[in-house]
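Asker: based on what follows, work out the 3D shape:
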Amino acid sequence: MMPIPLWKDEHALIAALGRHDRLGQFRQEESVPLFGRDVEAKLRTGGVLALQMGTSGFAGVLRVRGGKADVLDADLSEKRVAVERLVDAVLEGAAGAAVGETDTLLEACRVAERRRAVARRAILKERFGDRRIGSMRRLCLDPGAGMARQMRETGMMRTAAAFVLAHVAEACVWLAIWWAAGQASLSGRLDPGWMWGWTLLLAALVPLRVCAARSQGRLSIGVGGLLKQRLLAGALRLGAGAVAKEGAGGFFSRVTEAEAVETLALSGGLAAAVSVVELALAGAFLTMGASGGLLVTLFLAWLALAGGIAWRFARERSRWTDARLTMTHRLIEQMTGHRTRLVQEPGEGRHAQEDEALSTYHAVSARMDRWGVLLNSFVPSGWLLAGVAALMPAFSGSAQATSLAVGLGGVLLAWQALRSALAGASNLIGAGVSWRAAAPLFQAATAVEPEGVADSAAGRTVLDASDVTFRYRLDGPQVLNGIDLRMERGDRALLEGASGRGKSTLVSILCGLREPVSGLLTSGGLDRASIGARQWRKKVAAAPQYHENHILTGTLAFNLLMGRAWPPMYEDMQEAVQVCRELGLGDLLERMPAGIQQMVGDTGWQLSQGERSRVFLARALLQKSEMTILDESFAALDPENLRLAMECSIRRANTLLVVAHP
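Answerer: The predicted model follows:
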């Protein structure tokens, strides 16, 4: 049996996998935890994987097909290995002495030799079912690599081609059905041969429609998933300035419009792709049928009329979207400050602005609906009447039955194509208008952070800021001017200053959220560009001020350990509980029915301001970074809890910088 090719260096393996699979600069590494029960399922999902094989080394998996995996050897050749062998290697590497115990049990039970491997695998899976036994790294395209390339890599291009071909074939079969029906009825020959041919053509529609529906579903789900990944990546890569400037209402509006882009663009884009083909076929059949010149001229004029109405509908849709987003933004902001308005704002005229906005929205909606009715109802129905009227003189003339049937089929096909095209155009117009709000999120995904080329040396200096300056606008005043700061390993420092003097701005620069205008910021002798933004944020952890820090809807464990690998290992959970008790949150854990697994946040257990502050503090300490920055983290604590929090921070932080008011 051929052994599994192993690599000793994980970084060399990942680099070789990226070159071999042509991922290049768009490579993104994702750490996937492995549990005993689901290790085989995660391996069979495929992808480019760097799999840890216990203490023996790492295996590079290029692809998984069926029950076989293509593994990369040290000489960059490919070896085919059964997936079960990879699963066995991972389980046995984590099990250790349990493998010998399992073999002894199987031998005592007289399990046949040929079935022992299967039995051993099943026993080890159950024994380590919910226990984390390791992890693997999955290499994939970065969401900012470009939609076209991602569609090629995921096979969506082939699905799109199958969708278009199925609809073209379906349109051609429909024309043949109309031609056969018209030829038979208008010539007065309804013999069995014509009926059998007509029936076979109808039967041919069934597999074509099944293929079209299947490819449309796969295309919608696949492209929708890629679009969601890209928008989420863009939202996470927005700069701190853009996030602070937008506000909760603005971001909510962008999210809703991003959802509209996905829904409307996919449905409208697919309908438009099919309708363009159908419109071209309809024009060709109108040319070949009776009164061809007149019908084609009328059809082109009707398309021009439809274009004019669509342009006016697009303008009204844009005005309607602007009014709706303005209302949404105001609503979110007013909901956030609802208690303040109730207590401090006079009751008279409190809703005057809302009433005015609703009146404007109603007027804009009425205008948009009128143009929408013209576009989606009048244009296709009017064409059907006009087309039949233009074809009527041919029925009283000397036109042949075949040309009449083709002309009538062309009119009906053009009517069907217009309905599909205008429905798709309405959706595409809506998607185009919504795109204005969602585009910044989509484009921000291209801002891929450089990985860095080196790691900082393990020296005494953890962070060194030299002559750092910063301003929020190029023409604005300097917020920071010539700041110098050096933090050695093990230092504990206090940074005091009055409000508005730039303390929080300096914190955001030190932890890598903002770039200084000038000056040098290094760690272990290397600057941020050399270390990489992601690694820099791992070295310097910060707990922002209370109003910039949040409890996310989830378990308390997730809110505490979100800065570490998730799902966590048992040791991580125990450490999180210990830190909470050191910070005086032991009573809170005892009151919670589910303990550290209790749901918290807006839809869960409500925490007081002091409890939230200590959760923020625990979250920063549990990251175990080389340096921890606490920005006014003790402001909401009473003297006893303040003492506990200070002692815990000093004891657990490797290097500590506390920012506070004088």
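
Asker: which residues are contacting the helix or strand hosting residue 355?
Answerer: Per DSSP states H and E, residue 355 falls inside helix 352-373. Contacting residues not belonging to helix 352-373 are listed as 309, 312-313, 316-317, 319-320, 323-324, 326-327, 330, 426 [CB atoms under 8 Å, 6 or more residues apart in numbering]. For glycine as for every other residue, the C-beta is placed from the backbone atoms N, C-alpha and C.

Asker: now do the strands in the stretch 401-550 of the chain.
Answerer: Secondary structure of the stretch 401-550 of the chain (DSSP state E, counting those that start in this stretch): strands located at 461-470, 480-488, 492-496, 518-523, 526-527, 540-543.

Asker: against residue 647, how distant is the residue lying closest to residue 577 once chain neighbours are set aside?
Answerer: Nearest residue to residue 577, sequence neighbours excluded (CB to CB, 6 or more residues apart in numbering): residue 596, at 5.7 Å. The gap separating residue 596 from residue 647 is 21 Å, by CB to CB, to the nearest Å.

Asker: and if you look at residue 477?
Answerer: Here the criterion is CB to CB. By it, residue 477 lies 40 Å from residue 647.

Asker: show me which of these two is the more surrounded one.
Answerer: The residue with more neighbours, out of residue 477 and residue 647, is residue 647; 12 against 8, by other CB atoms under 10 Å.

Asker: SS state for the more buried one?
Answerer: Three-state assignment for residue 647 (DSSP: H, G, I helix; E, B strand; the rest coil): helix.

Asker: how near is the closest residue to it other than its chain neighbours to residue 163?
Answerer: Closest residue to residue 647 apart from its sequence neighbours, by CB to CB, 6+ apart: residue 582 at 7.7 Å. From residue 582 across to residue 163, the span is 59 Å (CB to CB).

Asker: of these two, who's got more company?
Answerer: Counted by other CB under 10 Å, residue 582 and residue 163 do not tie: residue 163 has more neighbours, with 23 against 19.

Asker: deepest of the strands of the stretch 401-550 of the chain, which one?
Answerer: Mean neighbour count (mean count of other CB atoms under 10 Å) peaks for strand 540-543 among the strands of the stretch 401-550 of the chain, with a mean of 24.

Asker: which elements pack onto the helix or strand following that one?
Answerer: As assigned by DSSP H and E, the chain's next helix or strand after strand 540-543 is strand 554-555. Other helices and strands packing on strand 554-555, by 3 or more CB pairs under 8 Å, 6 or more residues apart in numbering; DSSP states H and E, are strand 599-600.

Asker: what's the mean pLDDT across the strand it packs on?
Answerer: The average pLDDT for strand 599-600 rounds to 92.

Asker: elements contacting that strand?
Answerer: If you count contacts as 3+ CB pairs under 8 Å, 6+ apart, strand 599-600 packs onto strand 554-555.

Asker: can you tell me the average pLDDT over the strand it packs on?
Answerer: Throughout strand 554-555, pLDDT has a mean value of 90.

Asker: what sits up against it?
Answerer: Residues from elsewhere that reach strand 554-555 (CB under 8 Å, 6+ apart): 594, 596-601, 604.

Asker: ok so, going back, could you double-check that the residue nearest to residue 647 lies in contact with residue 648?
Answerer: Yes: between residue 582 and residue 648 a contact is recorded at 4.3 Å, counting by CB atoms under 8 Å.

Asker: count of neighbours near residue 339?
Answerer: Residues near residue 339, counting by other CB under 10 Å, number 8.

Asker: so it is in which element?
Answerer: Using DSSP H and E, residue 339 sits within helix 338-344.

Asker: tell me which residues are up against that helix.
Answerer: Residues outside helix 338-344 that contact it (CB under 8 Å, 6+ apart) are 334, 350.
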